[in-house]
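Visitor: Build the 3D model from these lines:
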Amino acid sequence: MTDTLQPTKVDIQPTQDLTLWLEIFETQSRYSHAIDADDIETWPSFFTEDGVYTIVSRENFDRGLPAPILHCRNQAMMRDRVIALRNANIYEEHRYRHSTPGPVIISRDGDTVTTEMSYIVVRTGQAGDAEIYSAGSYHDTLVKTDQGWRYKERKVVYDTSRVLTLLATPI
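Guide: As a prediction, this is how the structure comes out:
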């Protein structure tokens with residue numbers, strides 16, 4: 001008897017609310033644009049005041065290990081990070097360019113939406129050399145606020161086994 005691989009069945013249920021999808025996609029596109037345009041001072045405003053931003057390896061994420069390489073547990077920590085990036089840290093100037101498909105809406109409960117989305121970030125240094133800096137996925141919980149959709153949690157799960165250079169700018 002031979003073993004045969006059976007394809008995994010995926011339950012494909014596109015969102016019925018196109019307006020919701022467009023609003024979430026707009027939020028995620030503006031997030032990437034702010035970073036790519038070196039407007040990181042606005043980065044914390046994409047989060048709720050108690051929003052959480054974490055960067056973790058795929059290996060740790062898959063194993064459920066709580067060992068991120070970066071963890072900000074509120075906007076104040078994110079603002080401190082931006083101040084440090086602008087005034088204290090020393091690193092080669094660079095630019096990011098995010099490439100992201102549209103988000104997949106995993107669930108919605110009232111004004112809370114859970115999404116996942118792949119990303120690739122290309123980093124260009126001062127010499128003009130470009131390299132894939134990071135590739136992975138975003139695992140997000142967004143909430144509707146008076147200011148629009150904001151991240152309650154953004155977990156960046158990078159697929160590479162290491163970070164090539166100092167992680168200065170948010171992904």
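
Visitor: contacts and neighbour counts: CA atoms only from here.
Guide: OK.

Visitor: partners of the top strand by length along the chain in the sheet?
Guide: Ordering each strand of the chain by length in residues (DSSP state E) puts strand 130-145 first. The strands beside strand 130-145 in its sheet (DSSP bridges) come out as strand 112-125 (antiparallel), strand 148-158 (antiparallel).

Visitor: what's the offset of it from the middle of its chain?
Guide: 2 Å (C-alpha atoms, centre = their mean, to the nearest Å).

Visitor: buried residues in it?
Guide: Using 16 or more other C-alpha atoms under 10 Å as the test for burial, strand 130-145 gives Tyr133, Ser134, Ala135, Gly136, Ser137, Tyr138, His139, Asp140, Thr141, Leu142, Val143, Lys144.

Visitor: which intervals of the protein have sub-threshold pLDDT?
Guide: 1-15, 89-91, 164-166, 168 (pLDDT under 70).

Visitor: Any chance of TSV for the buried residues of strand 130-145, columns distance to Asp39?
Guide: TSV is the format used below for those (distance: C-alpha to C-alpha, whole Å):
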residue	distance to Asp39
Tyr133	19
Ser134	19
Ala135	21
Gly136	22
Ser137	22
Tyr138	20
His139	23
Asp140	21
Thr141	23
Leu142	21
Val143	23
Lys144	23
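
Visitor: which parts of the biggest helix by length in the chain are buried?
Guide: Determined from DSSP state H, the single longest helix within the chain is helix 18-36. Neighbour-count burial for helix 18-36 flags Trp21, Ile24, Phe25, Thr27, Gln28, Ser29, Tyr31, Ser32, His33, Ile35, Asp36 (criterion: 16+ other C-alpha under 10 Å).

Visitor: cool, stretch 108-118 as well?
Guide: Using 16+ other C-alpha under 10 Å as the test for burial, stretch 108-118 gives Thr112, Val113, Thr114, Thr115, Glu116, Met117, Ser118.

Visitor: Having no further points to raise, I will conclude here.
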